[in-house]
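J.: no sequence on this one, just coordinates:
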Ligand code: KG4
Ligand code: ZN
């Protein structure tokens with residue numbers, strides 16, 4: 001299948017509460033009429049990571065005002081919508097349940113069809129909101145919870161080629177930032193700091209996986225950073241250089257493995273998505289490699305890289321248009337395969 005993603009012009013409310021961001025969006029076809037994200041970063045920062053119980057409590061407090069704000073921004077009433085799409089996995093179970101329960105209640109009250117969306121499909125298709133990317137394409141999905149490489153053959157036809165064997169790339173950023181005393185969430189901070197550093201200052205190890213395999217591993221890199229920070233040499237380097245070198249090791253592994261898969265499978269199009277695809281060095285390196293090797297590389301704009309409900313509304317819309325519906329007993333699942 002090589003056609004681009006033709007998209008039905010449905011009016012969809014999207015709801016996303018899989019982790020710590022409370023998000024609601026309204027789409028009309030591919031037009032984003034509202035895309036509201038309420039971040040809980042400040043709440044989880046003192047703990048250095050997401051505290052699940054706090055996340056679900058704050059979703060409960062925020063979700064209705066955020067849905068209301070999305071509808072107001074879009075100038076849309078519930079009776080003008082064609083359906084509701086909600087993330088029902090994977091993610092933190094308490095957080096997911098808030099979004100799923102609210103989506104069900106609104107759908108019943110407004111007599112609207114409901115569709116549960118896999119969060120990963122949201123990330124995988126997000127780029128289609130801005131670019132016409134024909135199938136098949138490779139998708140590197142890099143977020144706080146996932147680092148996976150998919151071959152997308154068509155809508156709903158995704159083959160998992162490889163995944164991380166330990167930490168996700170986002171976790172490697174966040175844990176690295178914690179070790180460097182840079183606070184939470186760490187990906188964006190390392191990115192900013194690394195802009196002023198030398199990526200070749202320190203040669204951190206890159207995990208190598210056998211040819212023909214597309215898995216990733218970041219735990220060795222994390223250990224190497226810890227050992228480096230306890231060592232004698234650390235005083236010789238600026239924090240910017242350490243951040244840039246650590247980031248470079250993560251980026252190297254992601255770019256190298258993805259391009260290896262593209263070459264082996266003879267795929268011309270590569271999509272990079274998920275929170276880590278907001279990383280400026282990763283974007284630069286993928287663009288450069290794409291130009292060098294004649295590949296088409298697509299990445300969503302920054303607002304669509306990290307968690308948002310526009311991508312959920314978008315992924316749900318074509319399923320609704322195909323006649324798919326979720327039943328009122330739609331469940332939430334902490335683990336859910338794509
Ligand atoms: O997709 P996302 O918002 O949530 C999940 O589904 O996990 O991804 C969040 C992850 C976090 O680990 C965060 O540190 C990372 O994306 N991240 C970044 C950047 N912005 C967000 N990592 C590196 N550079 C960035 N600019
Ligand atoms: Zn995500």
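T.: Done, it's in. Every value quoted in this text rests on a predicted model; they were computed, and no experiment measured them. Ligands and ions are numbered 1, 2, ... in the order given.
J.: in the protein, which spans are strands?
T.: Counting by DSSP state E, residue ranges of the strands within the chain are 11-16, 22-28, 31-38, 83-89, 114-118, 137-142, 147-154, 157-163, 269-273, 296-298.
J.: get me the contact residues on this protein for ligand 2.
T.: Residues of the chain lying close to ligand 2 (C-beta under 5 Å from the ion) are 143, 307. The C-beta positions use only the backbone N, C-alpha and C, and glycine is treated the same way.
J.: so which of the strands of the chain is nearest residue 330?
T.: strand 114-118 (4.8 Å; C-beta to C-beta).
J.: pLDDT weak spots in the chain?
T.: The chain contains residues with pLDDT under 70 at 1-6, 211.
J.: which bits of it sit near ligand 1?
T.: Contacts of the chain with ligand 1, taken as C-beta under 6 Å from any ligand atom, map to 19, 143-145, 170, 173-174, 185-188, 191, 274-276, 278-279, 306-307.
J.: rewinding a little: reformat the strands of the chain into a markdown table and put distance to residue 77 and mean neighbour count next to each item.
T.: Supplementary listing: these in a markdown table, determined by distance: least, C-beta to C-beta, whole Å; neighbours: other C-beta atoms under 10 Å:
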| stretch | distance to residue 77 | mean neighbour count |
| --- | --- | --- |
| strand 11-16 | 10 | 28 |
| strand 22-28 | 11 | 28 |
| strand 31-38 | 12 | 19 |
| strand 83-89 | 14 | 27 |
| strand 114-118 | 18 | 25 |
| strand 137-142 | 35 | 27 |
| strand 147-154 | 34 | 21 |
| strand 157-163 | 35 | 16 |
| strand 269-273 | 32 | 25 |
| strand 296-298 | 34 | 19 |
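J.: who wins for proximity to residue 247 among those?
T.: Nearest of these to residue 247, taken as C-beta to C-beta: strand 137-142 at 12.8 Å.
J.: which helices and strands does the closest one pack with?
T.: Counting contacts by 3 or more C-beta pairs under 8 Å, 6 or more residues apart in numbering; DSSP states H and E, strand 137-142 packs against helix 119-126, strand 147-154, helix 239-265, strand 269-273.
J.: OK, contacts around the residue of the stretch 201-338 of the chain found nearest ligand 1?
T.: Going by C-beta to the nearest ligand atom, ligand 1 is nearest to residue 275 of the stretch 201-338 of the chain, at 2.0 Å. Applying C-beta atoms under 8 Å, 6 or more residues apart in numbering to residue 275 gives the contacts 142, 143, 144, 170, 187, 305, 306, 307.
J.: just the ones of those residues in helices?
T.: The helices, defined by DSSP state H, take in 170, 187, 305 from the contacts of residue 275.
J.: among the contacts of residue 275, which ones are buried?
T.: Among these, those classed as buried by 16 or more other C-beta atoms under 10 Å are 142, 143, 144, 170, 187, 305, 306, 307.
J.: and residue 117, how far is that from residue 246?
T.: Distance of residue 117 to residue 246, computed by C-beta to C-beta, to the nearest Å: 34 Å.
J.: how about residue 255?
T.: For residue 255 relative to residue 246 (C-beta to C-beta), the value is 15 Å.
J.: report the central residue of this protein.
T.: Closest to where the C-alpha atoms of the chain average out (C-alpha atoms, centre = their mean) is residue 274, at 2.3 Å.
J.: neighbours around residue 238, how many?
T.: A count of nearby residues for residue 238, using other C-beta atoms under 10 Å, gives 13.
J.: let me fix that, I meant to ask about residue 41.
T.: Here the number of neighbours of residue 41 (other C-beta under 10 Å) works out to 13.
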